[in-house]
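Asker: Okay, here's the prediction I keep looking at, along with the sequence it came from:
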Amino acid sequence: MGNKFIKKETAVVHKGYDSSQHHDSLSIPLYQTSTFAFSSAEQGERRFAGEETGNIYSRLGNPTVRVVEERMAELENGQSALAFGSGMAAVSAVLIHVTKTGDHILCSRGIYGCTFGLLEIMQEKYNISHSFNAMATEQDIEASIRPETVCIYVETPINPTMEIVDLELVGKIAQKHGLKLIVDNTFSSPFLQNPIDFGADYVLHSATKYINGHGDVIAGVLIGKDVEDMINLRMTVQKDFGGIISPFDAWLLIRGMKTLHVRMDRHSENAEKLVTFLKSEPLVKEISYPFDPSHPQYEIAKKQMKAGGGLVSFNIQGGKEVAQYFMNELELIKIAVSLGDAETLIQHPATMTHSVIPELEREKMGITHSLLRLSVGLEHVDDLMADLKQAFIKVETHFAKTSM
Ligand code: MET
């Protein structure tokens, strides 16, 4: 059956690797090398000239890295993928690739803090502007498209509010206006959502999160649907800006990815149970989880996602002081930015992941000081509930004394 697989669960374990070509090693070898020795000067010349395929130098490609790229392209229904040294390296590479001075980028109303920072740099240094749109209706989106708009950039679910962008709607509009659609699919992983199926031209991931899943790698992946375009990207922006992944980190990603589908099932299952628990908590105001019927875009989420994933956001009664007190009282759940790990993590976006965004902008995105983001891990859900419960009780007791 070679390397043709019907199911992605099989491809993520086997694709792009033939053990008979590697001394029968079951585990994919780590090519921890910066460069590759040519058999002759002429061979080196031919490889640089593109007349012969083969390895040259790890910034231009590496066999261990290539396995990650092949597997990610398959999982996202793309044609080609490039691995990077961080999610932000993938974001910056694709935005630099599709824009030039004077262009405009139309973004979803909420985006990750460092993506916001990158857009500010692009504006200041290269006169590449951006604006935000709630992406709710066709008229509203079309009203924000300018003559100089070249691409639509969205996250869905949006970090950290868990708002959903209707990919079918945005995909249709992008196509109608000849705009590239770029989707940050980090929160869903390719096992829950495939934006290329809805018309996206590029999908990217902070592979630091679910793709790796073990909290020990910083990495990014960009998937495209046009092979020639991706070769061009590899040989220009990726090669010359140089934001590549290390072979060792790629090797760790391969190891993590093998269980991605299994982990996503458990993350989603645990998150759904925690949402039910959080609803019964008097200190919790609003909960945002895509697969909960109370979510404003529940129907859209059901249309484009296979499950709700592991991220849950909620507002706690009171502001920053209560939110921080609550986090400090957690015993099992770690206070940390990042997500998608085996460990359950909590963070306060207004002062952490999204703190670089000016307060007014942040509030327009729905990121208030009472908002907490929970990345539900793989522990037994009863232990997670018990930890949250005891922290809520401590908040109640403490603030009852100081009349909350
Ligand atoms: C440097 S803040 C960190 C990162 C990560 N992208 C998150 O949303 O948690």
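Answerer: Structure's in. What do you need?
Asker: Check the closest residue to residue 8 other than its chain neighbours and give its pLDDT.
Answerer: Using Cβ to Cβ, 6 or more residues apart in numbering and skipping the chain neighbours, the partner closest in space to residue 8 is residue 75 (5.5 Å). (Glycine included, C-beta is placed from N, CA and C.) Looking at residue 75, its pLDDT stands at 98.
Asker: Contact partners for residue 75?
Answerer: Counting by Cβ atoms under 8 Å, 6 or more residues apart in numbering, residue 75 touches 8, 11-12, 190-191, 260.
Asker: my read: residue 28 touches residue 14, true?
Answerer: No: using Cβ atoms under 8 Å, residue 28 is not in contact with residue 14; the gap is 10.3 Å.
Asker: Who has more neighbours out of those two?
Answerer: residue 28 (18 against 15; other Cβ atoms under 10 Å).
Asker: Surely that one forms part of a strand?
Answerer: No: counting by DSSP: H, G, I helix; E, B strand; the rest coil, residue 28 is not found in a strand; it is coil.
Asker: any idea how far the ligand is from it?
Answerer: Note on residue 28: its distance to the ligand, by Cβ to the nearest ligand atom, to the nearest Å, is 27 Å.
Asker: List the buried residues of stretch 173-189.
Answerer: Using 16 or more other Cβ atoms under 10 Å as the test for burial, stretch 173-189 gives 173-174, 179-189.
Asker: One more: stretch 108-117?
Answerer: The neighbour-count check on stretch 108-117 (16+ other Cβ under 10 Å) flags 108-116 as buried.
Asker: which SS state does residue 223 fall under?
Answerer: Taken by three-state DSSP, the conformation at residue 223 corresponds to strand.
Asker: Up against the ligand, what does the stretch 1-150 of the chain have?
Answerer: residue 112 (Cβ under 6 Å from any ligand atom).
Asker: which non-adjacent residue is nearest the residue in the stretch 1-150 of the chain that the ligand sits nearest to?
Answerer: Closest residue of the stretch 1-150 of the chain to the ligand, Cβ to the nearest ligand atom: residue 112 (5.4 Å). Excluding the flanking residues, the one nearest residue 112 by Cβ to Cβ, 6+ apart is residue 159, at 4.8 Å.
Asker: Does the one you found touch residue 108 like I think?
Answerer: No: Residue 159 is beyond contact range of residue 108, at 10.1 Å (criterion: Cβ under 8 Å).
Asker: So residue 172 lies in a helix, does it not?
Answerer: Yes: counting by three-state DSSP, residue 172 falls inside a helix.
Asker: List the contacts of residue 109.
Answerer: Counting by Cβ under 8 Å, 6+ apart, residue 109 has contacts 132-135, 158, 163, 364-365.
Asker: let's see 10 Å
Answerer: Residue 109 is in contact with 131-136, 154-155, 158, 161, 163, 165, 361, 364-366, counting by Cβ atoms under 10 Å, 6 or more residues apart in numbering.
Asker: could you pull out the strands for this structure?
Answerer: 80-84, 104-108, 129-133, 149-155, 180-184, 202-206, 220-224, 284-288, 311-316, 334-335, 345-347, 371-375 (DSSP state E).
Asker: related to what we said a few turns ago, tell me the spacing between the residue of the stretch 1-150 of the chain closest to the ligand and residue 186.
Answerer: 8 Å (Cβ to Cβ, to the nearest Å).
Asker: Identify the contacts common to the two.
Answerer: By Cβ under 10 Å, 6+ apart, residue 112 and residue 186 have these common neighbours: 87, 155, 159, 206.
Asker: Neighbour-wise, give me the winner out of these.
Answerer: Greatest neighbour count in these, by other Cβ under 10 Å, goes to residue 206: 29 neighbours.
Asker: residue contacts, whichever residue of the stretch 201-350 of the chain sits closest to the ligand?
Answerer: In the stretch 201-350 of the chain, the residue that lies nearest the ligand is residue 337 (3.9 Å; Cβ to the nearest ligand atom). By Cβ under 10 Å, 6+ apart, the contact list for residue 337 reads 113, 345-349, 352-353, 373, 375.
Asker: cool, and residue 67?
Answerer: Counting by Cβ under 10 Å, 6+ apart, residue 67 touches 15-17, 28-29, 31, 83, 250-251, 253-254, 257.
Asker: any idea which of the residues you listed has the most stuff around it?
Answerer: residue 83 (30 neighbours).
Asker: Tell me what that one is bridged to.
Answerer: Here residue 83 sits in beta bridges with residue 221, as judged by DSSP bridges.
Asker: Surely it touches residue 66?
Answerer: Yes: proximity of residue 83 to residue 66 meets the contact threshold set by Cβ atoms under 10 Å, at 8.6 Å.
Asker: shared neighbours, these two?
Answerer: With contacts taken as Cβ under 10 Å, 6+ apart, residue 83 and residue 66 have residue 250 as neighbours in common.
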